[in-house]
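Participant: Have a look at this fold, sequence not included:
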């Protein structure tokens, strides 16, 4: 791959995740402070990610893979996304905001697959070439958080009181417009499937991989993956509002520690996976969710602020040791025949169904601990996902039978 193409793909990844990290992390705080949304309404807004994940395979499988170049679809989706982001920037009422965020996530979630397709199409050895490109996405997410907290100070108490957090949507609208236009300059990525070739709904959703559920171990893993997304939803939905409400300085910037941790533990994962095996790796990931939420429950923004920072830093173990190792396990169990279908099915089950349930539960529990002054009893809220993650940990430890899985880096 030449230097020009490397730059193009790296810049594409940077903007793709700068856009996501630039508004999604602070969404709960924005909705609560600017739009006075309750926990149920905030859950509805976050659930649009799940609806986007459910609908994305249809956009990719029935349209993108058959009729249009991937880079052109990417450009169109981000240009429309820029318009919707600008509309969100202008809204002052949740009932107006919700249709825009729903439309946006239905359009954005397919772009996650499109940027991968565009990248892989330019690579002779994706196993070696993809990671150095993809890491710019994580850098983009981190830069977005740092800009919000340390450059513009939009999540400071004074800015929150003045309603300045809405500017994140304007920032992202500009970034989305830039990526939309830039996408048309990307290397051409033609459709992968002949448009005359029949594609069934089963193909699109990866339902052929349901045959893998006959394997008891894979069934246990599949159910555990869906269940662990319930405590995961608590983090996405509540972490930033929680840190902001209890008075932690620069909460959005500090949350980028989680993305830095993700990069670090991604590098450590092959060694841990090889030495301790799949089951222990997954269990460590599950246990990390419990430990993280207990730190959130009993930490504070004063002398115990280090507990909050450690809880954020555990994101690398929480995510990589469960979800990434789970993708490896799925790839190994599926084999060549069902490889793509199995990954699609797991994504649909976790980011679609699992987190849809998780966001709803998180919203209900958060509302139940809302105080008259508008604050929350966060200690009691965080105990719920901690306990749930611990329960999934126990069930997986008891039921899943250890098996040797070879890791191919």
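Facilitator: On my side now, so go ahead. Treat the numbers as computed from the prediction; the structure is a model and nothing was measured.
Participant: Tell me where the stretch 1-150 of the chain is predicted with low confidence.
Facilitator: Applying pLDDT under 70 to the stretch 1-150 of the chain flags the ranges 61, 64-65, 127.
Participant: now the stretch 251-400 of the chain
Facilitator: Looking at the stretch 251-400 of the chain by pLDDT under 70, you get 336-337, 340.
Participant: residues touching the residue nearest to residue 37 when sequence neighbours are not counted, list them.
Facilitator: Once flanking residues are discounted, residue 37 sits nearest to residue 31: 4.0 Å by C-beta to C-beta, 6 or more residues apart in numbering. For the C-beta atoms, the positions are set from N, CA and C on the backbone; glycine is no exception. Contacts for residue 31 (C-beta atoms under 8 Å, 6 or more residues apart in numbering) come out as 37, 41, 42, 45, 94, 97.
Participant: got it, and residue 38?
Facilitator: Taking C-beta under 8 Å, 6+ apart, we find residue 38 in contact with 363, 367, 370.
Participant: at 10 Å what do you get?
Facilitator: By C-beta atoms under 10 Å, 6 or more residues apart in numbering, the contact list for residue 38 reads 31, 32, 44, 94, 363, 366, 367, 370.
Participant: Just to be sure, which of the residues you listed are found in helices?
Facilitator: Among the contacts of residue 38, the members found in helices (DSSP state H) are 31, 32, 44, 94, 363, 366, 367.
Participant: which residues in the stretch 101-250 of the chain form strands?
Facilitator: In the stretch 101-250 of the chain, no segments count as strands under DSSP state E, counting those that start in this stretch.
Participant: need the helices for it, in chain order.
Facilitator: Using DSSP state H, counting those that start in this stretch, the helices found in the stretch 101-250 of the chain span residues 126-146, 157-161, 167-183, 201-205, 216-245.
Participant: What is the subsequent helix or strand relative to the last one?
Facilitator: Spelled out, that is helix 216-245. Sequence-wise, the next helix or strand downstream of helix 216-245 (DSSP states H and E) is helix 251-255.
Participant: Tell me which residues are up against that following helix.
Facilitator: 21-22, 25-26, 29, 141-142, 144-151, 153-156, 165, 168, 235, 239-245, 248, 301, 305, 308-309, 312-313, 315.
Participant: which of those count as buried?
Facilitator: Buried members of the contacts of helix 251-255, scored by 16 or more other C-beta atoms under 10 Å, are 21-22, 25-26, 29, 141-142, 144-149, 154-156, 165, 168, 235, 239-245, 248, 305, 308, 312-313, 315.
Participant: mind listing what's buried in stretch 273-281?
Facilitator: 273, 277, 278, 279, 280, 281.
Participant: Run through the residues that contact the last one.
Facilitator: Residues touching residue 281, when contacts are defined by C-beta under 10 Å, 6+ apart, comprise 269, 272-275, 317, 320-322, 324-326, 328-329, 405, 407.
Participant: Could you pull up the contacting residues of residue 219?
Facilitator: Going by C-beta under 10 Å, 6+ apart, residue 219 touches 212, 213, 399, 400.
Participant: Recalculate using a threshold of 6 Å.
Facilitator: By C-beta atoms under 6 Å, 6 or more residues apart in numbering, the contact set of residue 219 is residue 213.
Participant: likewise residue 89?
Facilitator: Counting by C-beta under 6 Å, 6+ apart, residue 89 makes contact with 166, 169, 170.
Participant: Could you measure from the first one over to residue 159?
Facilitator: Plainly put, residue 166 is 10 Å away from residue 159 if you go by C-beta to C-beta, to the nearest Å.
Participant: between those two, who's got more neighbours?
Facilitator: Counted by other C-beta atoms under 10 Å, residue 166 and residue 159 do not tie: residue 166 has more neighbours, with 20 against 16.
Participant: Tell me which two of the ones in helices among the contacts of residue 38 sit farthest apart.
Facilitator: 94 and 366 (15.4 Å; C-beta to C-beta).
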